[in-house]
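J.: okay, predicted coordinates and the sequence, questions at the end:
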Amino acid sequence: MTEEEISELYTRLAFQYESSIDSLLARQIIDSDIATTSREKFYDSLNEEKLYTHVEHENNASKDVISMLRSLHEVAHNLEENDLLNDLEKESVYNIKKTKYVIGLSTVYDCWLYLEHRNQSVAEYLKWYGYSNICIYGMDLLGERLCDLLTDSTVKTVFAIDRRAGEFICNVPVFCLEDVQVELYIKQVDVVVVSVISDFELIEKAIKNAYEVPVLSLKDILIEMVNIQGT
């Protein structure tokens with residue numbers, strides 16, 4: 001088999017497998033622990049059969065199920081963008097994206113609780129780097145929690161950006177990125193902190209294409225803070 005055929009085989013096997021696992025979970029035939037163990041064995045077996053070599057950063061081979069899923073997300077995204085998936089495979093992509101979101105959300109909350117237990121705050125991090133006035137991009141769960149935590153700190157949330165602006169109540173002004181008010185408010189902030197878990201690079205590009213302002217990921221901030229604590 002050629003490298004391209006092997007890659008396509010791996011992708012389709014993974015789609016079929018993920019669909020089966022999701023179906024078993026939905027019908028409560030298996031629980032999440034069994035699903036996790038099964039996934040580890042499945043992706044390990046693919047590696048052992050040399051059907052696929054995972055490459056995440058540079059040329060490292062990995063049997064870590066989360067890293068494998070991340071690679072699968074990239075493949076799935078490319079196939080979806082080029083309209084190469086049937087309806088069943090598109091549903092599998094949707095389920096894979098949900099898995100990626102849950103992994104990212106778990107990472108954020110795990111880091112956040114770790115830092116809170118050690119009396120380390122995002123406000124201190126932002127202040128250390130000279131960011132006193134910020135804009136929060138994304139006012140879902142993480143954005144709201146960040147805004148709440150900064151209320152009594154020396155870091156001020158000047159405004160927020162969210163595509164659902166006008167659909168909910170917030171204690172700071174909220175606009176869509178395309179709204180003309182953003183041009184006025186963006187001049188008052190030192191940085192935009194993106195609370196959205198996925199597609200940070202796309203969001204960062206959209207903001208920087210419109211305005212000259214630093215853009216940071218909340219998830220990356222928390223991970224960096226944890227790493228600093230561990231050194």
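T.: Structure's in. What do you need? If you're wondering where the values come from, they're calculated on a predicted model, not measured in any experiment. Numbering: from 1, shown residues only.

J.: the closest residue to residue 155 other than its chain neighbours: what's it in contact with?
T.: Of all residues not flanking residue 155 in the chain, residue 123 sits nearest, at 4.6 Å (Cβ to Cβ, 6 or more residues apart in numbering). Placement of C-beta: from N, CA and C, glycine included. Each residue near residue 123 by Cβ atoms under 8 Å, 6 or more residues apart in numbering is listed here: 149, 150, 153, 154, 155.

J.: any idea how far the first one lies from residue 213?
T.: According to Cβ to Cβ, to the nearest Å, residue 149 stands 22 Å off from residue 213.

J.: what of residue 122?
T.: Note on residue 122: its distance to residue 213, by Cβ to Cβ, is 18 Å.

J.: ditto for residue 199
T.: In this structure, residue 199 and residue 213 are separated by 18 Å, where distance is defined by Cβ to Cβ.

J.: please apply the same query to residue 176.
T.: Residue 176 sits 16 Å away from residue 213, taking Cβ to Cβ as the criterion.

J.: residue 145 too?
T.: The span separating residue 145 from residue 213 equals 22 Å under the rule Cβ to Cβ.

J.: low-scoring stretches of this protein, by residue?
T.: By pLDDT under 70, the low-scoring segments of the chain are 1-17, 19-21, 23-25, 27-30, 38-39, 41-104, 230-231.

J.: what about 50?
T.: 1, 48-70 (pLDDT under 50).

J.: mind listing the strands for it?
T.: If you assign secondary structure with DSSP state E, the strands in the chain sit at 133-137, 156-161, 174-175, 191-194, 215-217.
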